[in-house]
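# got a predicted structure plus its sequence, pasted below:
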Amino acid sequence: ATTAKPRPASPALAASMDAFSDRRLVCVAMEVMPSTFSLMLVIDAINVRNKKVSVQIITSKEELSKTLLANIPHGATLVNGTGAFSGAPRYIIYMVVSSIELKHTLHLIKELDPDSFVNVTALQQVVGRFFMRPVK
C-alpha cells in the first residue's frame, strides 16, 4: 500500500491542480508583502542613528569650525580656499555626522553664519574612527 496521492489521469487536470497550487503560493506571498514592507520601514526609522551624512561647509568665518568641534562629537577637516567668483578667502569644513545630529549641526551653522554654503551628502559607508555615543 502506498501513501502517495495518485496523480489525476487527465494531464489537463494535473496541470490545473499545479496552477492552483502556484496561485495559492502567490496569494500567500501577496498577503505577507505589506507587513514585510511595514517592518522594513519601522526598522529603517529606528536605525536612523547609524546612517551617516557628509557635511561640506563653505564659509568666510574660521571660528565656525571651532564651534562645530565644541558642539558636535566628531572631528572635522578645515581647508583654506578662495571664492572662484569673488576671489575672497573661504574656509571649507568637511564633517561626517549621523543623520540624527544633522539638524543640530545645520542649526549651529545657520546661527553662526547664515551666508555659508552647506552641501549634505548621504553616505554608504564610513571607514575610520567615527565616535558614536553609546545608547542610554
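Perfect, I can see it now.
# partner strands of the lengthiest strand in the chain, with direction?
Taking DSSP state E as the criterion, the chain has its longest strand at strand 89-98. Strand pairing for strand 89-98, using DSSP bridges, gives strand 52-59 (antiparallel), strand 76-82 (antiparallel).
# so for the first one, what gets flagged as buried?
Going by neighbour count (16 or more other C-beta atoms under 10 Å), the buried part of strand 52-59 is Lys52, Val53, Val55, Ile57, Ile58, Thr59. For every residue, glycine as well, the C-beta is placed using N, CA and C.
# and Ala76, what are its bridge partners?
Counting by DSSP bridges, the residues bridging with Ala76 are Met95.
# how many other residues sit next to it?
17 (other C-beta atoms under 10 Å).
# adjust the sequence numbering to begin at 47 for everything that follows.
In the new count, where the first residue is 47, that last one comes out as Ala122.
# now for it: which residues touch it?
By C-beta atoms under 8 Å, 6 or more residues apart in numbering, Ala122 lies in contact with Ser111, Leu114, Leu115, Ile139, Tyr140, Met141.
# related to what we said a few turns ago, tabulate the strands paired with strand 135-144 (CSV), appending mean pLDDT and distance to Arg175.
Formatted as CSV, the strands paired with strand 135-144 follow (pLDDT from 0 to 100; distance: least, C-beta to C-beta, whole Å):
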stretch, mean pLDDT, distance to Arg175
strand 98-105, 94, 13
strand 122-128, 94, 13
